[in-house]
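S.K.: Fold the following for me, if possible:
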Amino acid sequence: MDICVVLVTFNRRDDLEKTLKAYETQTHLPRAVIVVDNHSTDGTDALLAAWQAQEGKIAHIVVTMPENVGGSGGFAAGLSKAMELPHEWVFVSDDDARPRADTLQQLADFCEKNPELAAQCAALCGSVDTGAGYALGHRCRIRLGALGRIDQPVPEREYEKDFFEIDFFSYIGACIRRSALERVGVTRGEFFIYSDDFEHALRVRQCGKMLCLPRAVLCHQGNTPYSRNASWRDYYETRNVLIMYLEHFGKTAFRRRACMRLLTGFRSLNLQKIKVIRAGIRDAKAGKTGLHAVYRPGWDPKKK
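M.R.: Next up is the predicted model:
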């Protein structure tokens, strides 16, 4: 199985160093590792310069962004760089998600043992382990309800299987076939952050099956709990998922998802959070993307 890896990093030097070592010690080595540095300011540039200078069995490639373009922009740049290389599969993940030693081996073994099924696949994904169980939200399916389509995590019981089919993947441990990327393109960089991976998955699934292989494990503890506080992230979480729903599932599904986001705001009892979410809904309806004039990283709702 011919794999290259794409990672996006921003100011997580120590995590990145550990993650890079995890790919260097895979029992099935990737042919290349591409790291997109999203304009880090914590010494990541020095780490990557030394890493890139190392010689070994794996090609070390660094893409340095002139500014922080968010996870979406970073993955768009990384996948675009991967498309310049000849490798058949592109394994996408986070800088703080560490594969087990046999993670890529599990994917390669599946393809070798199931060649006909593997040939039908546009993506193969691993499972995400938080240390306290599976993070189910990374692998989801579309359910059709009375008010339209909605995404739901695959139930934990299905992780006992050798594999199961999915409709959505996060970018933690998603291995995408090159031919699918050639057909549907890369990440929508203008999303900046959030839902860029789910939206991309909906395009990738047009090219073939998408399977999760639970034994291909990535360890990741970075799940952000729900907060009643207002954050700039609320805007992008709202806007991008609603753009995705409107474009892929239609107006009924969009309205249902918008109501769910509003309920999240009302549950917080925080008027500022409700305001941010409403701004996200308005801009999703208007099809606006990119960085918001106000809701940018570092925005403080206590300051005017």
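S.K.: So, low pLDDT: which residues of this structure?
M.R.: Along the chain, segments meeting pLDDT under 70 span 145-148, 222-225, 304.
S.K.: what ranges do the strands span in it?
M.R.: Ranges of strands in the chain, per DSSP state E, are 3-9, 32-37, 59-64, 89-94, 98-99, 121-129, 139-145, 148-153, 164-165, 168-169, 174-177, 209-219.
S.K.: and those as TSV, adding distance to residue 110 and mean neighbour count?
M.R.: Heads up, the C-betas are built off the backbone N, CA and C, glycines and all. Formatted as TSV, the strands of the chain follow (distance: least, C-beta to C-beta, whole Å; neighbours: other C-beta atoms under 10 Å):
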stretch	distance to residue 110	mean neighbour count
strand 3-9	12	25
strand 32-37	21	24
strand 59-64	24	17
strand 89-94	12	26
strand 98-99	15	24
strand 121-129	7	25
strand 139-145	15	16
strand 148-153	22	17
strand 164-165	12	15
strand 168-169	16	28
strand 174-177	10	26
strand 209-219	6	21
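S.K.: Same list (the ones you listed) but as a markdown table, adding distance to residue 189.
M.R.: Conversion of these to a markdown table gives the following (distance: least, C-beta to C-beta, whole Å):
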| stretch | distance to residue 189 |
| --- | --- |
| strand 3-9 | 11 |
| strand 32-37 | 11 |
| strand 59-64 | 13 |
| strand 89-94 | 14 |
| strand 98-99 | 25 |
| strand 121-129 | 20 |
| strand 139-145 | 22 |
| strand 148-153 | 22 |
| strand 164-165 | 28 |
| strand 168-169 | 18 |
| strand 174-177 | 16 |
| strand 209-219 | 22 |
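S.K.: And those strands: which comes nearest residue 245?
M.R.: strand 148-153 (7.7 Å; C-beta to C-beta).
S.K.: most centrally placed residue in the chain?
M.R.: residue 171 (2.5 Å; C-alpha atoms, centre = their mean).
S.K.: how close does residue 162 get to residue 176?
M.R.: Per C-beta to C-beta, to the nearest Å, residue 162 is found 20 Å from residue 176.
S.K.: same check, this time on residue 209
M.R.: 12 Å.
S.K.: Quickly list what's touching both of these two.
M.R.: Common neighbours of residue 209 and residue 176 are listed as residue 122 (criterion: C-beta atoms under 8 Å, 6 or more residues apart in numbering).
S.K.: Can you list the neighbours in contact with stretch 132-142?
M.R.: Residues outside stretch 132-142 that contact it (C-beta under 8 Å, 6+ apart) are 125, 127-129, 149-156, 159, 165-170, 172-173, 198, 212, 214, 220, 223.
S.K.: at 7 Å what do you get?
M.R.: 125, 127-128, 149, 151-154, 156, 159, 166-170, 172, 212, 220, 223 (C-beta atoms under 7 Å, 6 or more residues apart in numbering).
S.K.: again, but for stretch 10-30
M.R.: For stretch 10-30, contacts defined as C-beta under 7 Å, 6+ apart pick out 1, 3-5, 7, 9, 33, 38, 40-44, 47, 51, 57-58, 68, 91, 95-99, 101-105, 108.
S.K.: can you give me phi and psi for residue 100?
M.R.: When read as degrees, to the nearest 10, the backbone of residue 100 gives phi -70, psi 170.
S.K.: can you pull the contacts of it?
M.R.: Residue 100 sits next to residue 217 when contact means C-beta under 7 Å, 6+ apart.
S.K.: Kindly report the same for residue 60.
M.R.: Neighbouring residues of residue 60 by C-beta under 7 Å, 6+ apart: 33, 51, 52, 54.
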